[in-house]
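Q: Predicted model follows, preceded by the sequence.
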Amino acid sequence: MEENKRYQKYYNPCELPKVTLAIVIINVVLFVLQTHFFKYDAWSLLGINWDKLVDKEVYRLFTAMFTHASLAHLGSNMIALYGAGMYLEEKMGAKRFLIFYLLCGVLGEILGCTLGGYVLQKEYISVGASGAVFGLVGMLIILSLRKQMFRIPMIRIILFVALCITDALTESGVDIFSHAGGFVVGIVIGLIYSYVVGEKTIEE
């Protein structure tokens, strides 16, 4: 009975999500440098697609995650990242959270490149943290459904999910396949983590 009551309480993380905040700061700083100090084509230099993957330019799987096409693209991703990250980082711990974030981003991009570039033969270059962010959303959903997270205020869930979807639907040239790939990877990671960790929850 006591356990059930705990799940009914809205939970607000009590610690500053240092890794999440660091990722946000890195993305913002790189965007400022990209747009105001270094006039280069970030898409072609740092983005990823099937051809770049085949050419073994593996570094692009990481650089693409920290490169954004516009201020709106950056803003929606960073707000959604912080919204999901502040819960997951405290739940999983900083090191695990960082590993899972990078896995969602990298594997999401690989799936996106494979489906979009190889299977559907679409020519584009992908940039942005959206795949990794969608992965966090997938993990958060799984852990919530498995009752391994405290209840989160619905307005916060609606906010960062809406931002993710808006970004996916309104940005020109958006790579919807990497979004979907990151989300699938996040669900898989969430399930694995959920069953390995068991029914542990954050203590009040």
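A: Noted; the coordinates are in hand.
Q: C-alpha from now on. contacts and neighbour counts both.
A: Will do.
Q: So, low pLDDT: which residues of the protein?
A: 1-14, 38-40, 150-175, 198-204 (pLDDT under 70).
Q: what residue lies at the spatial centre of it?
A: Central residue of the chain (Cα atoms, centre = their mean): Val133, 1.6 Å from the mean position.
Q: Against Val54, how distant is that residue?
A: 25 Å (Cα to Cα, to the nearest Å).
Q: do the same with Ile23
A: 28 Å.
Q: Remind me what the host helix or strand of Phe177 packs against, helices and strands.
A: Taking DSSP states H and E as the definition, Phe177 sits inside helix 176-197. Applying 3 or more Cα pairs under 8 Å, 6 or more residues apart in numbering; DSSP states H and E, one finds that helix 176-197 makes contact with helix 94-113, helix 130-145.
Q: more crowded one of Ile23 and Val54?
A: Higher neighbour count among Ile23 and Val54: Ile23, with 19 against 10, using other Cα atoms under 10 Å.
Q: Report the buried residues of the helix or strand encompassing the more buried one.
A: Using DSSP H and E, Ile23 sits within helix 18-32. Buried positions in helix 18-32, judged by neighbour count with 16 or more other Cα atoms under 10 Å: Val19, Thr20, Leu21, Ile23, Val24, Asn27, Val28, Phe31.
Q: Also stretch 33-42?
A: Gln34, Thr35, Ala42.
Q: Sort out for me which of those are in helices.
A: Ala42 (DSSP state H).
Q: Redo the buried residues of stretch 33-42 as a markdown table? Include distance to Lys91.
A: Shown next, in a markdown table, are these (distance: Cα to Cα, whole Å):
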| residue | distance to Lys91 |
| --- | --- |
| Gln34 | 33 |
| Thr35 | 35 |
| Ala42 | 34 |
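Q: Just the closest of the buried residues of stretch 33-42 to Glu15, please.
A: Of all the buried residues of stretch 33-42, Glu15 sits closest to Gln34, with 31.4 Å by Cα to Cα.
Q: Surely that closest one touches Trp43?
A: No - counting by Cα atoms under 8 Å, Gln34 stays clear of Trp43, with 10.8 Å between them.
Q: circling back to that earlier point, of the buried residues of helix 18-32, closest to Leu98?
A: Val19 (6.9 Å).
Q: Contacts only, for the closest residue to Val28 other than its chain neighbours.
A: Once flanking residues are discounted, Val28 sits nearest to Leu74: 7.5 Å by Cα to Cα, 6 or more residues apart in numbering. Applying Cα atoms under 8 Å, 6 or more residues apart in numbering to Leu74 gives the contacts Asn27, Val28, Phe31, His68, Gly128.
Q: Which one of those is nearest to Ile48?
A: Gly128 (9.9 Å).
Q: ok, that closest one - contacts?
A: Ala64, Met65, Phe66, Thr67, His68, Ala69, His73, Leu74, Asn77.
Q: and which of the residues you listed is nearest to Cys113?
A: Nearest member of these to Cys113, counting by Cα to Cα, is Ala64, at 12.1 Å.
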